[in-house]
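> what would the 3D arrangement of this be:
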Amino acid sequence: MVAEEAQAVARETSSHGQKWAAMHGGYFSNPGVAKPFLDEVRKSMAATSPGVLVDLGGGDGFLLRELSRAGIPETLDLVCLDLSPAQLDVIREPRIRPVLGSITEFERQSLAAPSLTFIW
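Residues are numbered from 1 along each chain as shown. This next block holds a predicted model:
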């Protein structure tokens, strides 16, 4: 990890875990609060039939976990891209593929076959 990325992770570490759960009104930790956003993601998925759903800066995988619980297609590849190994290490949902990387520097082909349809 380059020094710049390490500094970004260090800044974020103070908001991991329970502190993150309380931030933004629970938007990234409370299923009820996140429901309107997740409903919009499901609408987009219905319209595009993606092969890959990527959460950029997905942290602990909360949004992808909630979508998985909502019964999205088993064939959908769920990718959680985050800069923090500590965040990715807490992902326990087997469907979610944690990928360590920067949202400003990753390349589409590093996540899945470029021929697939992606939702970001």
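> and the longest helix along the chain, how far out from the chain middle?
Assignment by DSSP state H gives helix 31-48 as the longest helix of the chain. Distance of helix 31-48 from the chain centroid (Cα atoms, centre = their mean, to the nearest Å) equals 14 Å.
> just the CA trace of that helix, in CSV.
C-alpha atoms of helix 31-48 as CSV (Å, rounded to 0.1, in the frame of the first residue of the first chain):
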residue,chain,number,x,y,z
PRO,A,31,-31.4,-1.6,7.2
GLY,A,32,-34.5,0.6,7.7
VAL,A,33,-32.6,3.8,7.0
ALA,A,34,-30.8,2.2,3.9
LYS,A,35,-34.0,0.7,2.5
PRO,A,36,-34.8,3.5,0.0
PHE,A,37,-31.3,3.4,-1.4
LEU,A,38,-31.3,-0.4,-1.6
ASP,A,39,-34.7,-0.3,-3.3
GLU,A,40,-33.2,2.0,-6.0
VAL,A,41,-30.3,-0.4,-6.5
ARG,A,42,-32.7,-3.3,-6.9
LYS,A,43,-34.7,-1.3,-9.5
SER,A,44,-31.4,-0.6,-11.4
MET,A,45,-30.6,-4.3,-11.3
ALA,A,46,-34.0,-5.3,-12.6
ALA,A,47,-33.5,-2.9,-15.6
THR,A,48,-29.9,-3.9,-16.4
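> quick one: buried residues of that helix?
By neighbour count with 16 or more other Cβ atoms under 10 Å, helix 31-48 contains the buried residues 34, 38, 41, 45. Just so you know, the C-beta spots here come from the backbone N, C-alpha and C atoms, and that holds for glycine as well.
> dump those residues to JSON lines, plus pLDDT and distance to Leu83.
Shown next, in JSON lines, are the buried residues of helix 31-48 (pLDDT from 0 to 100; distance: Cβ to Cβ, whole Å):
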{"residue": "Ala34", "pLDDT": "89", "distance to Leu83": "21"}
{"residue": "Leu38", "pLDDT": "93", "distance to Leu83": "23"}
{"residue": "Val41", "pLDDT": "94", "distance to Leu83": "22"}
{"residue": "Met45", "pLDDT": "94", "distance to Leu83": "25"}
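> noted, bye for now.
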